[in-house]
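K.L.:
structure for this input, please:
(one chain, ligands or ions: 1)
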Amino acid sequence: MTEIFSYTACRQLSQMFFAIFFFHISELILAIAIHGKTNVTLSSLLISKNYILAMICSVVEYIVEIYFFPGLKEHWWISNTGLLMVIIGEVIRKLAIVTAGRSFTHLIKVHHEEHHKLVTHGVYAYIRHPSYCGFFIWSVGTQIMLCNPLSTLAFALVVWRFFQQRIRYEEFFLRQFFGSEYEEYARLTHSGIPFLK
Ligand SMILES: C[S@@+](CC[C@H](N)C(=O)[O-])C[C@H]1O[C@@H](n2cnc3c(N)ncnc32)[C@H](O)[C@@H]1O
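P.N.:
Numbering: from 1, shown residues only. All right, here's what the predicted structure looks like:
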């Protein structure tokens, strides 16, 4: 039982909670800064039921494993690699939001609005979906940071599948809005999600 209150657990779990807190609060603050307070709802916190469930499962996995296999959590090079992924993922995602500005909305636009311009500069010059790329790295990184083998695999598979479907849907509308300009942009860039061109 003492393992749950050990230095390892306190450090890894507090890193995890801080990463989650910082991610969501900064999403909300940026949304307010870009779109104005009246156009932002708590949905900009990006917290869904499935997301909460996934995070609870990952903490349960952590507690079970540190109790029965405490040595598993002592691989600091793995945990620190996860921490680095959390930081890199966060930076890529926030760069994407700031670069896209008003074109970045948490809900996918299905009608073209006048202010919606195709963004192809900054981080978008290299990656077509940098905010999804950043979230993918961040979310898998949280589990690597906890040295959680099951949740690492589950997060990678579920988040990958989620973005595969979301990108297909989002690009259908982007092709309608921007036509050949988007085709050319898509030809020259990578999605930013592994195995998805
Ligand atoms: C949650 S944002 C995600 C943007 C992008 N997929 C990314 O990962 O950075 C979704 C909105 O961004 C818009 N969007 C996506 N790529 C864009 C681009 N290159 N230029 C302008 N708007 C874009 C979509 O139309 C959608 O309404």
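K.L.:
now the most centrally placed residue in the chain: how far from residue 178?
P.N.:
Centroid-nearest residue in the chain, with CA atoms, centre = their mean: residue 135, separated by 1.5 Å. The gap separating residue 135 from residue 178 is 23 Å, by CB to CB, to the nearest Å. Placement of C-beta: from N, CA and C, glycine included.
K.L.:
stretch 150-163 vs the ligand: in contact?
P.N.:
No - judged by CB under 6 Å from any ligand atom, stretch 150-163 stays clear of the ligand, getting no closer than 8.4 Å.
K.L.:
for the longest helix along the chain, packing partners?
P.N.:
Determined from DSSP state H, the single longest helix within the chain is helix 149-188. If you count contacts as 3 or more CB pairs under 8 Å, 6 or more residues apart in numbering; DSSP states H and E, helix 149-188 packs onto helix 49-68, helix 130-145.
K.L.:
buried set for it?
P.N.:
Applying a neighbour-count criterion of 16 or more other CB atoms under 10 Å, one finds 151-152, 154-156, 159, 162-163, 167, 170-171, 174, 177-178, 182, 185-186 buried in helix 149-188.
K.L.:
and this protein, which of its residues are near the ligand?
P.N.:
So far as CB under 6 Å from any ligand atom goes, the chain lies against the ligand at 96, 100, 103-106, 108-109, 118-119, 124, 129-132, 170, 173-174.
K.L.:
in ChimeraX, how would I select the buried members of the residues you listed?
P.N.:
Buried residues among the residues of the chain next to the ligand (16+ other CB under 10 Å), as a ChimeraX selection:
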select :96,100,104,119,124,129,130,131,132,170,174
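K.L.:
ranking the helices and strands packed on helix 149-188 by burial, who's on top?
P.N.:
helix 130-145 (a mean of 24; mean count of other CB atoms under 10 Å).
K.L.:
show me what it packs onto, helices and strands only.
P.N.:
helix 7-35, helix 76-100, helix 149-188.
K.L.:
can you tell which of the ones you listed is closest to residue 70?
P.N.:
helix 7-35 (7.6 Å; CB to CB).
K.L.:
in that closest one, what counts as buried?
P.N.:
Under the neighbour-count criterion of 16+ other CB under 10 Å, helix 7-35 has 8-9, 12-13, 15-16, 19-20, 23, 27-28, 30-31, 34-35 buried.
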